[in-house]
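**Q** attaching a predicted model along with its sequence, questions to come.
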Amino acid sequence: VRAIGLQRFPAGIPETDDFVLLDLPSPPLNAGGVRIALKFLSLDPYLRGVISGRHLGHAIALGDVIPGGGVGVVVESDHADWRVGDWVQAETGWRDEAVLPADRLRRLPASVPPSTALGVLGMPGLTAFVGVQDILRPAPAQTIVVSAALGPVGGTVAQLCKRAGARVVGIAGGATKCRLAVERLGYDACIDYRDDHFVAELQRACPERIDGYFDNVGGRVLDVVLGHLNLHARVALCGLIDQYNRAERPPGPNLGPVIAARATLTGLVVYDHFDRLPHMLDALLPLVAERQIDYLEDISHGLTSTPQAFVRLMRGDNIGKALVAL
Ligand SMILES: NC(=O)c1ccc[n+]([C@@H]2O[C@H](COP(=O)([O-])OP(=O)(O)OC[C@H]3O[C@@H](n4cnc5c(N)ncnc54)[C@H](OP(=O)(O)O)[C@@H]3O)[C@@H](O)[C@H]2O)c1
């Protein structure tokens, strides 16, 4: 069996010398096992994180076979459900042959090319489907923006949003990709984030601002898009490929843990909610009156103490609600 192993931990963008061709003994077929001749291996951005030990706790060691999905054909089977010639998808790693227990195999539909099980109908497609259904929730005439626009995640997101009636604007690197995004994937427009006029072009493509953003990249692109959100926009934080090759996390908020925690970030502006003040008082007033909810106050005295009290507040020296007693 030939496989690709990790020879050296990449510094920055991986180089071919970081990898090594391994010649491994062909494993025996255990009871219930299936031998697969692989036909397609999946290359995915998350593997860069796995290689540097930064992907949701997964890591590999030097000499290990690089993990990842694969699609192949059964060449030997000791399981009644699988016959020689069946197409399967499984987590195989980068190798040309794999032996796996039958319960780790997924059968492929015959109506589409087998490679789709690693892309639009596989893990990336599922990512897109869930992100659109659960997070973006596109509505007709809304503007949705998608970065890494041509990838299996972004391309699928875009088409699902188009089908929901949204206007979809892609972000991709280079004029060729941007043209393909429009011609092949149905984007209404696609903006090159490497172009000097990126920000102005994005604004021009989103004259009514942005109702949904599917972020695959993080970094500056995320920053720019966040500056153009509409009221009640939804943002799916899916990937941070802009930082996968960096040893140090770039400055700015640390969004990796947000993704890992499946957390929800929601903007809150109290001005929208003053109609709920009576409800709030009903709930809290008795508790405050009985001191079941306590509060701290930091009281300065006299009008002339106001500037200094404000300075203390902004320095963080106040303890509790800053007030001036006149
Ligand atoms: N959260 C999840 O569960 C989940 C699941 C699957 C995938 N993902 C994430 O979704 C994103 C897209 O995945 P995909 O499988 O569809 O792959 P993909 O889009 O084919 O990913 C590669 C593309 O990323 C873009 N990119 C943007 N900034 C980059 C940079 N600084 N360095 C390198 N590439 C950069 C490049 O296209 P452009 O330059 O044209 O943008 C490149 O072609 C990735 O971040 C991935 O980690 C997340």
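**A** Arrived safely, thanks for sending. Residues are numbered from 1 along each chain as shown.
**Q** C-alpha from now on. contacts and neighbour counts both.
**A** Noted.
**Q** what's the local residue count around residue 81?
**A** Residues lying near residue 81 (other CA atoms under 10 Å) number 12.
**Q** isn't residue 152 up against residue 127?
**A** No. Using CA atoms under 8 Å, residue 152 makes no contact with residue 127, being 9.4 Å away.
**Q** compare the two (neighbour count), which wins?
**A** Taking other CA under 10 Å, residue 152 and residue 127 do not tie; residue 152 has more neighbours (22 against 18).
**Q** got a list of what the more buried one touches?
**A** Contacts for residue 152 (CA atoms under 8 Å, 6 or more residues apart in numbering) come out as 119-120, 124-125.
**Q** closest to residue 99 out of these?
**A** Residue 99 lies nearest to residue 119 out of these, by CA to CA, at 22.5 Å.
**Q** roughly how far apart are the residue lying closest to that closest one once chain neighbours are set aside and the ligand?
**A** In space, and not counting its chain neighbours, residue 119 is closest to residue 152: 5.5 Å by CA to CA, 6 or more residues apart in numbering. As judged by CA to the nearest ligand atom, to the nearest Å, residue 152 and the ligand stand 4 Å apart.
**Q** was I right about residue 139 contacting residue 167?
**A** No. The pair residue 139 and residue 167 does not pass the contact test of CA under 8 Å, sitting 9.3 Å apart.
**Q** so for those two, which residue has more residues nearby?
**A** Neighbours per residue, other CA under 10 Å: of residue 139 and residue 167, the larger number sits with residue 167, 25 against 17.
**Q** so what does that one look like in phi/psi?
**A** For residue 167, the backbone dihedrals (degrees, to the nearest 10) come out as phi -90, psi 130.
**Q** mind pulling up the pLDDT for the residue nearest to it when sequence neighbours are not counted?
**A** Closest residue in space to residue 167, ignoring its immediate chain neighbours: residue 143 at 4.8 Å, by CA to CA, 6+ apart. Predicted confidence (pLDDT) at residue 143: the value is 98.
**Q** and what of residue 21?
**A** pLDDT, residue 21: 95.
**Q** how about it, nearest residue that isn't a chain neighbour?
**A** Closest to residue 21 by CA to CA, 6+ apart is residue 4, at 4.8 Å.
**Q** who are the neighbours in contact with residue 95?
**A** If you count contacts by CA under 8 Å, 6+ apart, then residue 95 has 1-4, 38, 41, 65 around it.
**Q** please determine how far it is located from residue 234.
**A** According to CA to CA, to the nearest Å, residue 95 and residue 234 sit 40 Å apart.
**Q** check residue 274 too.
**A** 23 Å.
**Q** who has more neighbours out of the two?
**A** residue 234 (20 against 10).
**Q** what does that one show for phi and psi?
**A** phi -110, psi 140.
**Q** equivalent analysis for residue 24, please.
**A** phi -110, psi 150.
**Q** ok, now residue 80?
**A** Per degrees, to the nearest 10, the backbone of residue 80 is at phi -60, psi -30.
**Q** rewinding a little: and the contacts of residue 152 near the ligand, which?
**A** residue 124 (CA under 6 Å from any ligand atom).
**Q** the contacts of residue 152 into CSV, with extra columns for secondary structure and distance to residue 88?
**A** Below are the contacts of residue 152 laid out as CSV (DSSP: H, G, I helix; E, B strand; the rest coil; distance: CA to CA, whole Å):
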residue, secondary structure, distance to residue 88
119, coil, 14
120, coil, 16
124, helix, 17
125, helix, 17
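**Q** of the contacts of residue 152, closest to residue 222?
**A** residue 124 (19.9 Å).
**Q** the closest one: what's it in contact with?
**A** Per CA under 8 Å, 6+ apart, neighbours of residue 124: 118, 152-153.
**Q** repeat that with 10 Å
**A** 44, 116-118, 151-157 (CA atoms under 10 Å, 6 or more residues apart in numbering).
**Q** and residue 225, by the same measure?
**A** Applying CA under 10 Å, 6+ apart, the residues contacting residue 225 are 145-147, 199, 202-203, 209-210, 212-213, 215, 235.
**Q** which one among these gets closest to the ligand?
**A** residue 147 (6.0 Å; CA to the nearest ligand atom).
**Q** who's the closest one bridged to?
**A** On the basis of DSSP bridges, residue 147 is bridged to residue 171.
**Q** can you check the pLDDT for the residue of the stretch 1-150 of the chain found nearest the ligand?
**A** Using CA to the nearest ligand atom, the closest approach of the stretch 1-150 of the chain to the ligand is made by residue 148 at 3.6 Å. On pLDDT, residue 148 comes in at 96.
**Q** quick one, what contacts it?
**A** Contacts of residue 148 by CA under 10 Å, 6+ apart are 154-155, 170-173, 177, 214-217, 239, 241.
**Q** would TSV of the residues you listed with pLDDT and secondary structure be doable?
**A** As requested, the contacts of residue 148 are exported to TSV (pLDDT from 0 to 100; DSSP: H, G, I helix; E, B strand; the rest coil):
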residue	pLDDT	secondary structure
154	96	helix
155	95	helix
170	98	strand
171	98	strand
172	97	strand
173	96	coil
177	96	helix
214	97	strand
215	96	strand
216	95	coil
217	95	coil
239	92	coil
241	92	helix
